[in-house]
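A.B. asks: model the following, please.
(chains A and B)
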Amino acid sequence: MKIDRRSFLSLIVGGAAGTALSPLPWKMMDDSAIWTQNWPWTPIPEVGEVTIVNSVCSLCAGGCGISVKKVDNRVVKIEGNPDSLVNKGGICSLGLAGSQLLYGHTRIKGPMKRVGKRGENKWENISWDDALKEVAEKLGTLRSKGKTSTVGAILSRDKGTIHGLFEKFLTAYGSANLMYMPSMSDAYNMSTHFMNGVQGLTGFDLENSDFILSLGSGLLDGWGSPVRMFKANSIWKENKTMVIQVEPRLSNTAAKADKWLPIKPGTETAIALGCANVIINESLFNKDFVENYSFGFEDWTDDYGNAHKGFKNLVLEEFSPEKVSKITGISEIDILHTARQFARASRPLALCGQGQGSAPGALNLYMAVHALNALTGSINTKGGVWTLPEPNYINWPELKVDAVASAGLSAGRIDGAGSSAYPHSKSLLSKLPEIINSAKESPLQALIVCEANPLYSLPGTETVQKAFDKIPFIVSLSSYMDETALNADIILPNHIYLERYEDISAPSGLQIPFIGLTKPVVEPLYNTKHAGDTIIALGKALGGSIAESLPWDNYQECIETVLADQWEVLTEKGFLADLNYSPPAWNKAFETPSSRFEFFASAIYDANNRDKEFVPLFTPVKPEGDAASFPLTLVTYESMRLANGFIGDPPFVMKTISDTVLKKNLSCVEINPVTAGKIGLVNGNQALLSTPQGSVKVEICLSEGIMPGLVALPRGLGHESNDEYLAGKGVNFNQLVNPLSDPVTGMDMAWGIMAKLNKV
Amino acid sequence: MDSHKDQTGKISTDIAAPEPTSKKDDGAGGFILLFFILGFLASLAIGWIVFPKLLYSQKKQPFDFSHVVHMEAVDDGCESCHFFRDDGSFAGVPKLEQCIDCHEDAQGESEDEAVFVNEYVAKEKEVPWLIYSKQPDCVFFSHVAHVKMGEMECSECHGNIGKSEHLKPYEENRLTGVSRDIWGKNIAGFKKNTWDRMKMDDCSECHVKKNVKQASVQTKKGGCFVCHK
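C.D. replies: Okay, here's the model as predicted:
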């Protein structure tokens, strides 16, 4: 008897038989199936009580109502609020991705102080007490030296209690330098001011219009209140409203319009005046409005005996379809047809504001478009352009301005807004960098930036960077490590929009007075502080008349006090809107010197300086660069898939960018195959795109949808912030351009720049 | 070759040759059987006794809890604490918010009560209960469809938990992380009561018995997505 190999085989066979008769294999099979579903990257939905919090999105100027779905205390989805008058249940991709902004990895989790060089991204965490103390000490020192006018702040909005708090704080401190990010609203409001004589807002009764002439506005690419525009487009389709899109590139808006008229960039004013020419020439204008409620249409003589040509004769002489066709590249027949269709429509509406309107553009375009609307009587009428009163719902207590503050305020603004050169402008942020750079010592010694990213968003990135380098003390209130925060000395992070109260008034282009309330959906996740609380705390730390001017313990008390009765309605309903608002009728609408709509803006007229005589005429804005060295023209475009405000694309939205916009880490430059062929470039080539401002590597993307001779780059890419999903991808258009000042407003009116492409 | 030496001459074919060999290997054959039985029994023991012990880890609940005591104190049975929300969803294990109604201060002097009040109520921290009947993530289960529409008793699936005085240890499957109560205490999956197991077969058994519609309302095909969304 011996144990041999067969005994062991037998043991194994016995073991196998026993195992088969045990639950082990069957149970393991079942368990392994469940095990495969337990990978750490598999998303597991939260389980708990589902609640909805209605709030208002403040990521852009759109003011959409949102319904935030929570499971227990976690935000799981953000949808459009169907009860919102603005977006009626719709939402854009950025709003939808808001939960990534809340839970994302790029949040700044507490106050920080720079320890490395500026932009090096080396920080130490400090306490709120120390951070506020440091900022207050710095501001206090400047004040004790009588340098209050060297302090400034940059915000994204120019309305609401946060803007108001900053304004009160700076005024009581002694500075007039409250600036905000520029937009087309500035230019629109100014044209309304000059031609209607009303200091207010501009709204568009888009839904009721039956003919839309869009001069470069990205109506479906983020212009105005973006989701409202999508809803309006659906209504236009249902009502068979004619939409004509005039722009050099086949944008989404152009593709979905009834007609696309490619135009030489920067000549939109001429097409507006060309249409006016046809309408006047063929007597298609609204005679009641023009004869009874307008001024400056016919030739006239002022009190000093100076003769002035009227709008009618100026346009008839200078802007015949033939001339305009040469300027714009649009055929005479198209100009004739467009003008006739526009004039014969019952409720026509002309719009402008390039792309999303993030750059204001030339005043004469806005005034020419406003004049075109006036010719058809589309001012304050159904389907037309409306004036709205400036929101006036906040009851601020009286300000205490001491002698130091008065002295600081009398020094005026650094950016030149409100000065004798630009008396009508409220903020000229795009002029600030050049002013700082041309001075020996920065006129701005301390800067506070809140929910704005000027280092990314302002044109001429290099110039802006140089200016910021010269400002000795920069405080950022950003919730994310954006370009501006990266260059700050101290970061006092704000709660994000899902964690705080804030009133959001006047969504861009909305035709009714509207105030929405952003509400905290969740408790603040990190050691952040409401920007309002930060300002109030700084006021208290500075003491004296500044503390007295901000007499609240915190922002909550402030907003409840200053909104008074409206606070209750806002917290209950979520918004305040004047649904029955109708703009004043023609006989009461105009507060100009002539009490009429003015084709000739008397407000800007100076009899002693006839150069400033202002009738909307086309003055070509020549892009920077000479055609010999830079044979191409670079323009930009904007897209719903590329956020380009103070918030960049969250990862979800980055995923929606097509490979004709961003390929790997290279921005794609759109170019017509004919132009590319001449330079010897084919689709997918890498090339160096150069402008007088700089050079960047790009990928060539051939497109029949762009006019020959042009190249186009999108806005919203090329971030350098500390976010691996967003940074280092593509190029920032702003680093290739430089602002050009409008002679009347001082606002940036550059629409592009000369460029060249070299194959690499 | 041994077989050839032993040949008598009567039988000389190769077919007869193995006979003496088998005689000599009798002892080895015994071992073969013995080893077979050993292997068989050992693997049965491993499969039935050792395997379940290895597969499941035992975890203690944060503190003990008596359903009996609570059932006496409430009017509405299970639904007093395990209620349906207004939207029809099931609240499951109560949140601290509900417990606090009575337990703001310690009720009684037990050690468990002290743990609850000091560690959780005072610190406003949710109790990390281990849920015996929690299904894997691939399963969607609607309580309202079964309890309200199907008029089932809680005990049909959950047994007489309402009569328990203590919480048993929570046994977690080391491989899947799922509670042992889903597969059932019996490792072979045998059950005596409806609440002994909570696997898909147990769902279907009842669905077939009660003639519940087996197809999806939308697609009219097999209703996989009714439970596996």
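A.B. asks: tell me the contacts of residue A:168?
C.D. replies: Shown in contact with residue A:168 (Cβ atoms under 8 Å, 6 or more residues apart in numbering or on different chains): A:396, A:399, A:549, A:550. Quick note: C-beta positions are derived from backbone N, CA and C, even for glycine.
A.B. asks: for the residues you listed, which one is nearest chain B?
C.D. replies: residue A:550 (33.0 Å; Cβ to the nearest Cβ).
A.B. asks: just give the number of residues close to the closest one.
C.D. replies: Residues lying near residue A:550 (other Cβ atoms under 10 Å in any protein chain shown) number 23.
A.B. asks: quick one: contacts for whatever residue of chain A ends up closest to chain B?
C.D. replies: Using Cβ to the nearest Cβ, the single residue of chain A nearest to chain B is residue A:22, 2.1 Å away. For residue A:22, the contacting residues are B:43, B:44, B:46, B:47, B:48, B:51, by Cβ under 8 Å, 6+ apart.
A.B. asks: for the third one, give its distance to residue A:214.
C.D. replies: Think residue B:46. 77 Å (Cβ to Cβ, to the nearest Å).
A.B. asks: the more surrounded of the two?
C.D. replies: Neighbour count, other Cβ under 10 Å: between residue B:46 and residue A:214, residue A:214 has more, with 25 against 16.
A.B. asks: what's the next secondary structure element after the helix or strand where the more buried one lies?
C.D. replies: Following DSSP states H and E, one finds residue A:214 within strand A:211-217. Toward the C-terminus, strand A:211-217 is succeeded by helix A:226-239 as the next helix or strand (DSSP H and E).
A.B. asks: care to break the chain down by domain?
C.D. replies: Using chain A. A:5-35, A:112-184+A:392-577, A:200-389+A:584-612, A:632-759 (automatic domain parsing).
A.B. asks: wait, chain B was what I had in mind.
C.D. replies: Taken from automatic domain parsing, chain B resolves into B:2-57, B:133-227.
A.B. asks: partner strands of the strand holding residue A:214, parallel or antiparallel?
C.D. replies: Using DSSP bridges, strand A:211-217 pairs in its sheet with strand A:242-246 (parallel), strand A:348-355 (parallel).
A.B. asks: once you drop chain neighbours, what's closest to the residue of chain B found nearest chain A?
C.D. replies: Proximity of chain B to chain A (Cβ to the nearest Cβ) peaks at residue B:47, 2.1 Å away. Nearest in space to residue B:47, with sequence neighbours left out and distances taken as Cβ to Cβ, 6 or more residues apart in numbering or on different chains, is residue A:22 at 2.1 Å.
A.B. asks: centre of the chain to the strand holding residue A:214, how far?
C.D. replies: 19 Å (Cα atoms, centre = their mean, to the nearest Å).
A.B. asks: which residues sit against it?
C.D. replies: With contacts defined as Cβ under 8 Å, 6+ apart, strand A:211-217 is touched by A:206, A:219, A:223-224, A:236, A:241-247, A:253, A:257, A:263, A:268, A:271-272, A:275, A:338, A:341-342, A:345, A:347-355, A:357, A:365, A:369, A:372.
A.B. asks: the stretch 201-350 of chain A: helices as residue ranges?
C.D. replies: Using DSSP state H, counting those that start in this stretch, the helices assigned to the stretch 201-350 of chain A run over residues A:226-239, A:252-256, A:268-281, A:287-293, A:311-318, A:321-328, A:332-344.
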